[in-house]
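> Show me the folded form of this:
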Amino acid sequence: MTTESRRAPEGPPAEVFRAFFESLEQPAALCDVELRPLACNTAFTHFCFEHGATVAQLMEALAGSKVPDEGTSCDVEVALPEGGVAVMGLARRGGVVSVVGRREPELMRGQLVVVEQALLEQARTEGVLLDLGRSVAEAGSEEELVAAVARGVKELFPERAFCIRIIDARTGGLTSLYAEGRLRDGSSEPLVLKRSAVEKLHLSLETIPAGRVVVAPRVPLLFESSTGGVSAPLVASGQLYGVINLEYPSTLGDAVDMPHDERVLVQLANQVAVAVKNAKLIDELTFVRKYLEELLEKANALIVVINRDKKVVVFNQAICRLTGFAKEEVLGKEVSWLVPDDERLRLGSVLAAALRGEPVPNFEVRLRTRTGEARASFAASSALTSQGEVEGLMAIGQDVTVVTQLEQRVMQAEKLASMGQLAASVAHEINNPMTAVVAYAESLLQRAMVAGSAGAADAEKLKKILESGHRILRFTRDLTTYARPAKERPEPVQLNALLETAVGYCEHVVAQAKVLVERDYGDLPPLSGVKANLLQVFVNLITNACHAMQPGGQVSLRTRKEGREAVVWVKDTGCGISPEHLSHIFEPFFTTKTEGRGTGLGLSIVQRIVEKHGGRLSVESEPGRGTVFSVHFPLKD
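Numbers count the residues shown, from 1 in each chain. Next up, the predicted model:
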């Protein structure tokens, strides 16, 4: 005997019940026993909207109602946010409570009117706030912004008195005030904020300027004849920018809805606070920009700024006065236009290094002026973007035309001072040839008297006379050339030949010191420089070397090409320089020589000349083992 099992017929799927629930015309919702919503149909959403509330608001109001017992039902009245009540039917089945909205005809008609009015008012409010947003966004200043806000408040809250106060977020100082109505005496300051509003906005008391802003349980009325009011702080990014106070004159009576006005005022305040913050930032940035522009423009320094294309974008008043060119003549032109042709190569290498982000030491340059030339010394720095890329170069300098002229005078004075040291040698050099002239002249005169005519041997004596005469002329001519002020025009210079000329100038010093000169010259290309100034460099170094040695010492002159530089070494076997003096030898007026043998300006002038040629001067010395001066000059590509 077999038993045939039977299956219970399967019920409709859950989707069928969900579709049925949604198709109900009655507003229905399902909740748990604590009246927390589980689901609601479309009709229930419409029901809430018709009663001027959202589903969440209505369910929140329903949460305090009593839940009926299992298998029973009841009707409850739920208070609505906009006033009035809604009737809801509750029925419990197990752990689920059904909620059904009751549509009573009279109640419905009243609620529809309220809803319609609320919708119209909401639409008007949103329209005003939208227009206000456009107006404050277009405001070009704080004054225009406050005027736009005032228009919006008038439109949103007709017949109300109101006050708009804008403050500085850091100091709390009042920067703008607009009042529609008659203020009480002394009511504009300090600002009083309601404690509950401060807590709701999470405004830290530490950020509120003490003394100018007060936090209190209630806000005092600002206007005369006001019966009540609301206020909203202007808070953006945790900072207070002001407050809007709205008050009700006694003429309005009871026809006011303070909760509604407060909600709208808070919406407006949130929108205005962001606009005020942005306006403050724009004003601050504008002020900083103008301040920096004025600082650059009127600074007592030469300021030039160029972009990556080497075009001038800033040319301040000081450099305008120096060059005689108006700003309009220079802006937009390449910076090389400001210097003579023979300076462009050197300036170009400096600019190229700076635009690559390399450090640029101070450099001097000749500038074109409307009447000639001027000299300026600049310190340059690269301008970087936020990504660290070089976008330009700023050069700040000073006019050194007068300083350069003074240096020329000092160099000339140094030359003239050395003339005193040359005087003894000049007398010696002149005396020897003149002795020969006298001796040979006497001999020729005696032979002429005896023989009656000049013999063959007399011709040789005449050659000696001519040779000595030429020697005198050559020496005096070179001496005059050395003492003549140098011209500042660079020219091709052969360093090896220049060193030989310097040795010739120092011949008397070498002879007096009783030292030897050793030469080791390498093959060097021509160097662009001021010949007379470079000659001054090596005359000074050779002279110092001779003064540092005892008789029998040796001066070594060595030249080589190292990479893109020409290097000259001047070495002596003298007493050397002590470590405490080594760091000071390039300082003006510092000297270790005995009184009357030096001014202390020689090496400082030498260093200045070398740097003007784009080179560098260094020294190595050890007491008892001599000194080596190294002079490095850049060569053209």
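> Need the nearest residue in space to the residue nearest the centre of the chain, chain neighbours excluded.
By CA atoms, centre = their mean, the chain has its centre lying nearest to residue 383, at 7.2 Å. Of all residues not flanking residue 383 in the chain, residue 392 sits nearest, at 4.3 Å (CB to CB, 6 or more residues apart in numbering). In this view, the C-beta of every residue, glycine as well, is placed from N, C-alpha and C.
> pretty sure that neighbour contacts residue 304?
No. Contact criterion CB atoms under 8 Å: residue 392 and residue 304 do not qualify, at 10.6 Å.
> Show me which of those two is the more surrounded one.
When residue 392 and residue 304 are compared for neighbours, residue 304 comes out ahead with 22 against 19, by other CB atoms under 10 Å.
> residues in contact with that one?
Contacts for residue 304 (CB atoms under 8 Å, 6 or more residues apart in numbering) come out as 312, 314, 315, 316, 319, 335, 338, 378, 394, 395, 397.
> Tell me, how many residues neighbour residue 225?
Residue 225 has 14 neighbouring residues, counting by other CB under 10 Å.
> My read is that it contacts residue 252, right?
No. In this structure residue 225 lies outside contact range of residue 252 using CB under 8 Å: 10.7 Å.
> And the strands in the stretch 301-450 of the chain?
Using DSSP state E, counting those that start in this stretch, the strands assigned to the stretch 301-450 of the chain run over residues 302-307, 312-315, 363-368, 373-384, 390-399.
> can you pull the alpha-carbon coordinates of the second one into CSV?
Okay, so that is strand 312-315. Output of strand 312-315 as CSV, limited to C-alpha atoms (Å, rounded to 0.1, in the frame of the first residue of the first chain):
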residue,chain,number,x,y,z
VAL,A,312,60.0,91.9,-19.2
VAL,A,313,56.8,91.8,-17.2
VAL,A,314,57.8,94.1,-14.3
PHE,A,315,59.9,97.3,-14.6
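> Next, the buried residues of that strand.
Across strand 312-315, burial judged by 16 or more other CB atoms under 10 Å covers 312, 314, 315.
> Does the last one touch residue 330 like I think?
The reference is to residue 315. Yes. Counting by CB under 8 Å, residue 330 is a contact partner of residue 315 at 4.6 Å.
> just to revisit the earlier point, from the contacts of residue 304, which single one is nearest residue 519?
Within the contacts of residue 304, distances to residue 519 taken as CB to CB reach their minimum at residue 378, with 38.5 Å.
> Who is the closest one paired with across the strands?
Here residue 378 sits in beta bridges with residue 363, residue 397, going by DSSP bridges.
> and it, what is it in contact with?
Contacts for residue 378 (CB under 8 Å, 6+ apart) come out as 302, 304, 362, 363, 364, 365, 395, 396, 397.
> what pLDDT does the residue nearest to residue 94 when sequence neighbours are not counted get?
Closest residue to residue 94 apart from its sequence neighbours, by CB to CB, 6+ apart: residue 70 at 7.3 Å. pLDDT recorded at residue 70 is 86.
> My guess is residue 192 contacts residue 222. True?
No. Using CB under 8 Å, residue 192 is not in contact with residue 222; the gap is 9.0 Å.
> Just checking, which helix or strand succeeds the strand or helix carrying residue 198 along the chain?
Element membership of residue 198, judged by DSSP states H and E, is helix 195-200. Per DSSP H and E, the first helix or strand lying C-terminal to helix 195-200 is strand 213-216.
> Off-centre distance for the helix or strand that comes right after that next one?
Scanning forward in sequence from strand 213-216 by DSSP H and E, the next helix or strand is strand 226-236. From the chain centre to the centre of strand 226-236 is a distance of 42 Å (CA atoms, centre = their mean, to the nearest Å).
> From residue 630, how far off is residue 535?
Counting by CB to CB, to the nearest Å, the separation of residue 535 from residue 630 is 18 Å.
> Pick out whichever of the two has more residues nearby.
Using other CB under 10 Å as the criterion, residue 535 and residue 630 rank with residue 535 on top: 21 against 15.
> Surely that one is in a helix?
Yes. Assigned with DSSP: H, G, I helix; E, B strand; the rest coil, residue 535 falls within a helix.
> does it really touch residue 499, like I thought?
No. Under the criterion of CB under 8 Å, residue 535 is not in contact with residue 499, lying 9.3 Å apart.
> residue boundaries of the helices in the stretch 51-200 of the chain?
For the stretch 51-200 of the chain, applying DSSP state H, counting those that start in this stretch gives helices covering 55-62, 105-138, 142-156, 195-200.
> rank those helices by pLDDT, which is bottom?
Going by mean pLDDT, the lowest-scoring of the helices of the stretch 51-200 of the chain is helix 105-138, which has a mean of 64.
> could the strands of the stretch 301-450 of the chain go into JSON lines alongside mean pLDDT and distance to residue 614?
Output for the strands of the stretch 301-450 of the chain, formatted as JSON lines (pLDDT from 0 to 100; distance: least, CB to CB, whole Å):
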{"stretch": "strand 302-307", "mean pLDDT": "87", "distance to residue 614": "20"}
{"stretch": "strand 312-315", "mean pLDDT": "88", "distance to residue 614": "23"}
{"stretch": "strand 363-368", "mean pLDDT": "85", "distance to residue 614": "8"}
{"stretch": "strand 373-384", "mean pLDDT": "82", "distance to residue 614": "14"}
{"stretch": "strand 390-399", "mean pLDDT": "83", "distance to residue 614": "16"}
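> want to try a markdown table for these, with distance to residue 287 as columns?
Below are the strands of the stretch 301-450 of the chain laid out as a markdown table (distance: least, CB to CB, whole Å):
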| stretch | distance to residue 287 |
| --- | --- |
| strand 302-307 | 20 |
| strand 312-315 | 19 |
| strand 363-368 | 33 |
| strand 373-384 | 21 |
| strand 390-399 | 21 |
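> Which of the ones you listed sits closest to residue 95?
When the strands of the stretch 301-450 of the chain are compared (using CB to CB), the closest one is strand 373-384, at 68.1 Å.
> Export only the CA atoms of the closest one, formatted as PDB.
Provided in PDB are the C-alpha atoms of strand 373-384 (Å, rounded to 0.1, in the frame of the first residue of the first chain):
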ATOM      1  CA  GLU A 373      75.000 103.600 -20.100                       C
ATOM      2  CA  ALA A 374      74.800 102.800 -16.400                       C
ATOM      3  CA  ARG A 375      76.100 100.000 -14.200                       C
ATOM      4  CA  ALA A 376      73.900  98.000 -11.900                       C
ATOM      5  CA  SER A 377      74.500  95.100  -9.600                       C
ATOM      6  CA  PHE A 378      71.700  92.500  -9.400                       C
ATOM      7  CA  ALA A 379      70.700  89.500  -7.200                       C
ATOM      8  CA  ALA A 380      68.500  87.100  -9.100                       C
ATOM      9  CA  SER A 381      66.100  84.400  -7.900                       C
ATOM     10  CA  SER A 382      63.900  82.000  -9.800                       C
ATOM     11  CA  ALA A 383      60.100  82.300  -9.500                       C
ATOM     12  CA  LEU A 384      58.600  78.800  -9.100                       C
END
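> between that strand and strand 363-368, how many degrees?
Relative orientation of strand 373-384 and strand 363-368, computed by axes from the mean of the first three to the mean of the last three CA atoms, to 10 degrees: 120 degrees.
> Give the buried residues for strand 373-384.
Across strand 373-384, burial judged by 16+ other CB under 10 Å covers 374, 375, 376, 377, 378, 380, 382.
> From the rest of the structure, what touches stretch 75-93?
Here stretch 75-93 makes contact (CB under 8 Å, 6+ apart) with 33, 47, 51-53, 57-58, 61-62, 65-74, 97-102, 104, 107, 110-111, 114, 118.
> And the strand or helix carrying residue 518, what does it pack against?
If you go by DSSP H and E, residue 518 is part of strand 516-520. Using 3 or more CB pairs under 8 Å, 6 or more residues apart in numbering; DSSP states H and E as the contact test, the elements touching strand 516-520 are strand 554-562.
> Can you give me the buried ones in the very next helix or strand once past the strand it packs on?
Using DSSP H and E, the helix or strand that follows strand 554-562 in sequence is strand 565-572. For strand 565-572, the neighbour count (16+ other CB under 10 Å) marks 566, 567, 568, 569, 570, 571, 572 as buried.
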